[in-house]
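Chemist: quick one: sequence and predicted model below, then my questions.
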Amino acid sequence: MNPLLHFSGLPHFDQIKPEHVTPAVEHLLGESRTLLEKLQSDMALPAWDNFVAPLDDAEERLGRAWSQVSHMNSVVNTPELREVYNANLATLTAFYAELSQNEALYARYKQLQAAAEFSSLSPARKKIVENEIRDFRLGGAELPADKKARFKAIQETLSTLSSRFEENVMDTTDAFALFIEDASRLAGIPDDARQAAREAAEKEGKPGWKFTLHFPSYMPVLQYADDRKLREVLYHAYATRASEFGKPELDNTPLIREILQLRQEAAQLLGFNSYAEDSLATKMAETPAQVMDFLRDLGRRARPFAGRDMAELREAATRLGLEDMQAWDVGYVSEKLREERYAFSDQEVKQYFPEPQVLQGLFRVITTLYGVTVRKTHASVWHEDVSFYEIVDRENSLIGQFYLDLYARDKKRGGAWMDEAITRRRKAHGIETPVAYLTCNFSPPVGGKPALFTHDEVITLFHEFGHGLHHLLTRVEEYGVSGIKGVEWDAVELPSQFMENFCWEWDVLQHMTRHVDTGAPLPRTLYDKMVAAKNFQAGMQTVRQIEFSLFDMRLHCEFDPHGSQTALDLLNEVRQEVAVVFPPAYNRFPNNFTHIFAGGYAAGYYSYKWAEVLSADAYSLFEENGVLSEDAGRRFWSEILAQGGVRPALESFVAFRGREPTIDALLRHNGMVEEVSP
Ligand SMILES: [Zn+2]
């Protein structure tokens, strides 16, 4: 039997082959089409049980099968899988585009909303019906026939273009390799990074060391290599991925313009002035102007701190003989300055964070806050590096499960993310428990030791785990608003950024650290230095996030994709307004900005900062009550994590915090509070 059509229990990753994809998708689409015909010709009044429930069932089966395919396409990509993925992605996009324009279905949802039964539905069910009606409108259901066809064609093309954008970044990242045979060029690079480079070369039967553009290989060179030319070569390759400087067929420049043109056209068909307005229709923020005001206000507050950071960096560069500091020097000089000022290095800290200890420390936080237990168990996986865990409550009943795929490798999309494998909902046999994919790109173990994580990597792990808990600890029983489903996109980073805070707490770190050689926990002196350095360059980092956010927002609201200005021109304009670091002219950041051209962050990148206001303010309740406060933890679970998309995120926040959010905690956490003189 086709493993993608198993719906009882966990996915069978060891059995899924590219040849299963098309038959599974065809089978499930066939089922869905039959159901749609039946529902449209049904004479009975639409009610939850005879109308929404069967649609949700069909949607869940399709979503579940496709999530396995799209996950494998992201983490164990092969040419065969990519081909069937793209072919079926096109089929599915066409199906969904058609579905969201289905007037008969739309009319029946409106009928249901107007019926007497509606008022007796649970809040979750009401919200699902309301969201559906909104999404039909945003999907073009109210358009005249000719515009409908055009709108649908646009959605299909956009989905293909986004997939190609992502592939081009993946392929150009994987295509680069630098083999070094002269050991003297490695001066400054930490032992474990060297060893990883040595093992990578060995694997290919080559002498010397192999460096790539994967983060665990790229980053240590930029931070530590004394050889300036070596840093420059890697930086150049990284900054020009998927651009006109490489193979034309892998150049994302034309895709950027086409994507922006099509998004604008689709938004205008719906009656919006811009794609940004379209994007905000489902978010917390109300208008593009409100978002830009928020970003610019934060930018004004951060700019003086960023300017000071930059001045200090230039001074340090001069002391190192780098008067003409370049983009490939910034990471290197920063690390030197940090070592000089705070007398420790990332590398030193890393020795205290072996993978098993980090995971144990993370799970301890979860147990303390939420009273649940995390334990390792078995499942069929897609790669030998993947592990599997379950979360159980005090009575030992299963709450949810997750896969952990931590290390960087070829054929795996970069970055870190959480995705849904199975969504919690009530079914005939009882509750279907949720399952998540947690994916990172950390340094794999080298030299027979456990993998060692930098503190930044630990923070990333906590971040993704926060998304995971949002998905896994939901108490919602209805598919469409369960976990992260139906949550406004600009509030989705609340639980994730909230989790990052714990990586700075002594009480947490003591239990999460163990020196890889001596077994000693993190010394208090080193911890104090880390805390002192916490806001090192926070100003620079904030304006960088604002640069990306403003670029994304202006690109989708003011930029004319048919005009002569390029996306890169606009980025340079934004930099003039907010940035303190100016990369070389060949830098093609837009060409690999997958968040907005291939991910879901278009006119939504500001969400990180927007949600940080919420997450910092939520965490301040823990600071007031003791950071591992059980009370606050249980309340965070019930008012925020458990709620899914049943009510607006702002309502959940107010229910948790007892008041509306303020920006104070974010500024304080980032050290951006001016001391007031008496
Ligand atoms: Zn996130």
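Modeler: Yes, it's here.

Chemist: mind checking how far the nearest residue to Asp329 once chain neighbours are set aside is from Ser334?
Modeler: Counting by CB to CB, 6 or more residues apart in numbering, Asp329 lies nearest to Leu322, which is 5.2 Å off, once chain neighbours are set aside. C-beta: built from backbone N, CA, C; applies to glycine. Between Leu322 and Ser334 the distance is 12 Å, computed by CB to CB, to the nearest Å.

Chemist: also Phe551?
Modeler: Counting by CB to CB, the gap from Phe551 to Ser334 is 23 Å.

Chemist: neighbour count for those two, which is higher?
Modeler: Phe551 (25 against 20; other CB atoms under 10 Å).

Chemist: just checking, the more buried one is part of a strand?
Modeler: No. Applying DSSP: H, G, I helix; E, B strand; the rest coil, one finds Phe551 to be helix, outside a strand.

Chemist: list the residues that contact it.
Modeler: Shown in contact with Phe551 (CB atoms under 8 Å, 6 or more residues apart in numbering): Leu570, Leu571, Val574, Pro590.

Chemist: show me these that map onto helices.
Modeler: Leu570, Leu571, Val574 (DSSP state H).

Chemist: count of neighbours near the last one?
Modeler: Spelled out, it's Val574. 20.

Chemist: for it, give me the pLDDT.
Modeler: On pLDDT, Val574 comes in at 97.

Chemist: so it sits against Leu555, correct?
Modeler: No. Using CB atoms under 8 Å, Val574 is not in contact with Leu555; the gap is 9.1 Å.

Chemist: next one: Thr157 from Ile459, what distance?
Modeler: 38 Å.

Chemist: which residues in this protein form strands?
Modeler: 178-180, 209-211, 373-377, 387-392, 398-407, 417-422, 425-427, 430-432, 435-442 (DSSP state E).

Chemist: please name the nearest non-neighbouring residue to the residue nearest to the spatial centre of the chain.
Modeler: Centre of the chain computed as the mean C-alpha position; nearest residue by CA atoms, centre = their mean is Trp417, 4.5 Å away. Nearest non-adjacent residue to Trp417, counting by CB to CB, 6+ apart: Thr439, 5.5 Å away.

Chemist: which ones are touching Tyr586?
Modeler: Tyr586 is in contact with His236, Ala239, Thr240, Phe245, counting by CB under 8 Å, 6+ apart.

Chemist: number of nearby residues for the last one?
Modeler: The local packing of Phe245 (other CB under 10 Å) involves 15 other residues.

Chemist: got phi/psi on the closest residue in space to it that isn't next to it in sequence?
Modeler: Sequence neighbours aside, Tyr586 is the residue nearest to Phe245 in space, at 6.8 Å (criterion: CB to CB, 6+ apart). Main-chain dihedrals, Tyr586, degrees, to the nearest 10: phi -80, psi -10.

Chemist: just to revisit the earlier point, would you turn the contacts of Phe551 into TSV with distance to Phe636?
Modeler: Formatted as TSV, those follow (distance: CB to CB, whole Å):
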residue	distance to Phe636
Leu570	39
Leu571	37
Val574	35
Pro590	37
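
Chemist: show me which pair in the residues you listed is furthest apart.
Modeler: Val574 and Pro590 (11.0 Å; CB to CB).

Chemist: quick one, grab the pLDDT at Asp192.
Modeler: At Asp192, pLDDT is 89.

Chemist: for the closest residue in space to it that isn't next to it in sequence, give me its contacts.
Modeler: Nearest residue to Asp192 in three dimensions, chain neighbours excluded: Val446, at 5.5 Å (CB to CB, 6+ apart). By CB under 8 Å, 6+ apart, the contact set of Val446 is Asp192, Gln195, Ala196, Glu199.

Chemist: check Thr93 too.
Modeler: Gln155, Glu156, Ser159, Thr160.
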